[in-house]
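Colleague: Show me the folded form of this:
(4 chains)
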There are 4 protein chains.
Amino acid sequence: MNITVWNEFRHEVESEEIKAVYPDGIHNVIAEFLSVDHDVKTATLDEESHGLTDDVLKNTDVLIWWGHKAHDEVADEVVEKVKQRVLDGMGLIVLHSGHFSKIFKSLMGTTCDLKWREADDKERLWVVDPTHPITAGLGEYIELEKEEMYGEHFDIPAPDETVFISWFEGGEVFRSGATFKRGNGKIFYFRPGHESYPTYYNKDIQQVIKNSVIWAENQQTPKHKYGNSKPLEEISKK
Amino acid sequence: MNITVWNEFRHEVESEEIKAVYPDGIHNVIAEFLSVDHDVKTATLDEESHGLTDDVLKNTDVLIWWGHKAHDEVADEVVEKVKQRVLDGMGLIVLHSGHFSKIFKSLMGTTCDLKWREADDKERLWVVDPTHPITAGLGEYIELEKEEMYGEHFDIPAPDETVFISWFEGGEVFRSGATFKRGNGKIFYFRPGHESYPTYYNKDIQQVIKNSVIWAENQQTPKHKYGNSKPLEEISKK
Amino acid sequence: MNITVWNEFRHEVESEEIKAVYPDGIHNVIAEFLSVDHDVKTATLDEESHGLTDDVLKNTDVLIWWGHKAHDEVADEVVEKVKQRVLDGMGLIVLHSGHFSKIFKSLMGTTCDLKWREADDKERLWVVDPTHPITAGLGEYIELEKEEMYGEHFDIPAPDETVFISWFEGGEVFRSGATFKRGNGKIFYFRPGHESYPTYYNKDIQQVIKNSVIWAENQQTPKHKYGNSKPLEEISKK
Amino acid sequence: MNITVWNEFRHEVESEEIKAVYPDGIHNVIAEFLSVDHDVKTATLDEESHGLTDDVLKNTDVLIWWGHKAHDEVADEVVEKVKQRVLDGMGLIVLHSGHFSKIFKSLMGTTCDLKWREADDKERLWVVDPTHPITAGLGEYIELEKEEMYGEHFDIPAPDETVFISWFEGGEVFRSGATFKRGNGKIFYFRPGHESYPTYYNKDIQQVIKNSVIWAENQQTPKHKYGNSKPLEEISKK
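Modeller: I've put the predicted structure just below:
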């Protein structure tokens, strides 16, 4: 499977504190643990076409998206191409602050707004769909000692499947793992991963991302034709 | 309840054949049967701001949308305002060829494409959710002697509720009544109503539209706050 | 609307501590606040037929169910009759420990098991479906100073709608408000209400129960016929 | 993967006409095409414990169920054991008239009733979920020249996913492919396969059944603990 990990890659360049956590960028940490099983490329905001040329998109089975402070700098033209590829069958994994990315909002049709707080809350992600392949290999919950808090109401359409619900020390809950199908594409939103915490080094978090790319791949050739269509049955009255 | 019935209102002006079916436009037929129980206004494409000024939108509890050949002429700015009102709690009933309207596609996030045929197919809309208030007063199905065919695959997100499934004489099926929640707004897509057939004079079709506006009204004040949020519990570690 | 509030009514008789909270039983507290708007009867385990005679069931539009320590004493024959009435269109509100009642398990098809703890946890029920009529009149969340904890995994089918998610002080989350349609009946499960806490005196909790009975009423006449059925279309090949 | 194909196996023994279609029984036709990729056993009603001993169930990853005229002869005790295995993680594929089996009704909680007609209707199963792995390798629809008709309303809970919707020549529609999760188990109901038609020799139908067993297998170890549970967080007020 061909995976492309897209990262805004600004925090890690502009802040010494974040650079200390992810010296080569979040994308490279994710790419590394996925590379054991898949062909993985990375792409970042400041590359030409944000690294998402037609050729790259065409050859991507599953795209992973991390963005935060520069959502507005992603060109509408590129967003439109990514959206078309999702509808044509490319899987999409949206991480953390990607909830506010143009691509996610465009596929959801809602504001995707939420509550947030940077205060080192403990987070516990409870598995609420024990049959789901995205939860393979996990225990009852994933615990993260410190994370940014995201709280309900999360303004998304009712998910096709709610896989994780988070508990936060400060008193909030959040639908932290949610699946959506759009066109021929499968989408997974996964909450954790604020840039200032070493979340993507956590083995359970890595397991979820590994599981999710396998789930999101749609190996099928699009089967449907649209538009003007002749009758399959002879219409008797004619 | 304040209802606004929006209609493109072009077919009825430009074609004698269509004018014969709806002399004053589709919007006025719908407005008339809804006026028995509600305050109903109409708005059309060629009015200033398409008849959807800020004031009109602010005072609309449920908006009904019929469009077909001129979706592209609806200004993006107006679409954006309608979308914001839906997310803020205005109900939206999308009829027939409105599946390809900018507002519906923007709220769904998909192409909303489908199969179609103008060949006087008989249509039978089976009720598949007998508890749904939108089906109150109906029998097992609604039968329309002649309609345009719409066939699967209908490229929409999995509906929150599938209320009707249509059978067509020429061999196709279609999810003809589907509900969606987006933000604080409730949306109902209802398939029938090609401009060349007298569908909106049918008593069962009128019943569905009457039921749907009541269902779509969200009388609640938006309750959620978004953004930076203080902890509700004292965080022990601090 | 005719409402019947069913209560096991054992804790309040057998324990002085519980009697102090609900001197006339949980059923009478619930009946009282519902009686302002509806015709309300009560029924309890130790009455003949548990108070649920054919006549009572036939004349009940919405049944509320609270049980805990004596689920096994509810006669299978009565459970079967209640189930049939739900499938025929009676609404059902299942409260708290009713998750383990025969009627709820029979309608869900799963174990309905969960985690629990009696330790005076604070509970906060977050509204996650702001369009839902069951949440009318509420703020962002309901807070209960002390309650029994119920934690995930809650072994139920994926709800048709998840209305509330609870946060508990001790570290758990729970899908505390969930709707299900079965046959012609609408079902709402609502978590709070352990017998040792004054939860049913809380105004927000009362608001939810008031909203839920209105939501659960199905005023429609069952419309579907089942069994051997003649063709609606002339089958051409014959 | 270990698959057990269960068949009532009465029609094929008692009727010469049916025997002509399935000389060795429906189970052996299904077992044969699944045996290419999996370890497949069969079990039938008239075997001891209906062939579903504790040992067989324990070693079955996915169970396929075909029954029709003798649902009542299946022992409640065996049904209870099968149900427990599904809730513990065994996949279940319910075929055609198995909609009225004790095991399916028990897992659904509804009557599972429907309309039916034996009149050689043409059936066309439209794919309405093009991302679903159960539809891999299929075109837009599956066409069966002659089948028994099943029509809506099909009295099941709203499926987690609706994969196929059937069109019937005589004027009906039906949700012919539907998925449900119950406990740790995944369930797929698939409509076609009346005993008097050679449906299970059809390559598309075989493809669906092949796809469905792979989808239904839950390789995960049950991860959840239920019952009394200590707090994960120190409760501050104590």
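
Colleague: Please determine whether stretch A:159-173 lies in contact with chain D.
Modeller: Yes: between stretch A:159-173 and chain D, judged by C-beta under 8 Å from any C-beta of the partner chain, the touching residues are A:D160, A:E161, A:E169. C-betas here are computed from N, CA, C, even on glycine.

Colleague: The residues you listed also near chain B: which ones?
Modeller: Counting by C-beta under 8 Å from any C-beta, the members of the residues of stretch A:159-173 next to chain D near chain B are A:D160, A:E169.

Colleague: Enumerate every residue touching the residue nearest the centre of chain A.
Modeller: Ranked by distance to the mean C-alpha position of chain A (C-alpha atoms, centre = their mean), the top residue is A:V94 at 1.5 Å. For A:V94, the set of contacting residues under the criterion of C-beta atoms under 8 Å, 6 or more residues apart in numbering or on different chains consists of A:W65, A:S101, A:I103, A:F104, A:I187, A:F188, A:Y189, A:F190.

Colleague: A:L45 too?
Modeller: Counting by C-beta under 8 Å, 6+ apart, A:L45 has contacts A:N7, A:E8, A:F9, A:R10, A:G51, A:G67, A:A70, A:E73, A:V74.

Colleague: give me that answer again for 6 Å
Modeller: A:E8, A:A70 (C-beta atoms under 6 Å, 6 or more residues apart in numbering or on different chains).

Colleague: And A:T131, which helix or strand is it part of?
Modeller: Taking DSSP states H and E as the criterion, A:T131 maps to no regular element, lying outside all helices and strands.

Colleague: Against chain B, how distant is it?
Modeller: In this structure, A:T131 and chain B are separated by 18 Å, where distance is defined by C-beta to the nearest C-beta, to the nearest Å.

Colleague: hang on, the earlier thing: from the contacts of A:V94, which ones fall inside strands?
Modeller: With strands taken from DSSP state E, the overlap with the contacts of A:V94 comprises A:W65, A:I187, A:F188, A:Y189, A:F190.

Colleague: which of those lies closest to chain B?
Modeller: Chain B lies nearest to A:I187 out of these, by C-beta to the nearest C-beta, at 9.5 Å.

Colleague: What is the neighbour count of that closest one?
Modeller: 26 (other C-beta atoms under 10 Å in any protein chain shown).

Colleague: How about the residues of chain A by chain B?
Modeller: Taking C-beta under 6 Å from any C-beta of the partner chain as the measure of proximity, chain A contacts chain B at A:107-110, A:113, A:115, A:117, A:153, A:155, A:158, A:160, A:169-171, A:182-183, A:224, A:226, A:229, A:231-233, A:235.

Colleague: which bits of chain A sit near chain D?
Modeller: Counting by C-beta under 6 Å from any C-beta, the residues of chain A close to chain D are A:P130, A:T131, A:A136, A:G139, A:E140, A:K181, A:N184, A:K186, A:N218, A:Q220, A:K223, A:H224.

Colleague: Serialize these to a markdown table and add fields for secondary structure.
Modeller: As requested, the residues of chain A next to chain D are arranged in a markdown table below (DSSP: H, G, I helix; E, B strand; the rest coil):
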| residue | secondary structure |
| --- | --- |
| A:P130 | coil |
| A:T131 | coil |
| A:A136 | coil |
| A:G139 | coil |
| A:E140 | coil |
| A:K181 | strand |
| A:N184 | coil |
| A:K186 | strand |
| A:N218 | coil |
| A:Q220 | coil |
| A:K223 | coil |
| A:H224 | coil |
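
Colleague: With pLDDT and distance to chain C as new columns, can these be given to me in TSV?
Modeller: Formatted as TSV, those follow (pLDDT from 0 to 100; distance: C-beta to the nearest C-beta, whole Å):
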residue	pLDDT	distance to chain C
A:P130	92	6
A:T131	94	10
A:A136	96	15
A:G139	96	11
A:E140	96	7
A:K181	98	15
A:N184	97	23
A:K186	98	17
A:N218	93	22
A:Q220	87	24
A:K223	89	26
A:H224	92	26
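
Colleague: which of these count as buried?
Modeller: Taking 16 or more other C-beta atoms under 10 Å in any protein chain shown as the criterion, what is buried in those is A:P130, A:T131, A:A136, A:E140, A:K181, A:N184, A:K186, A:N218, A:Q220, A:K223, A:H224.
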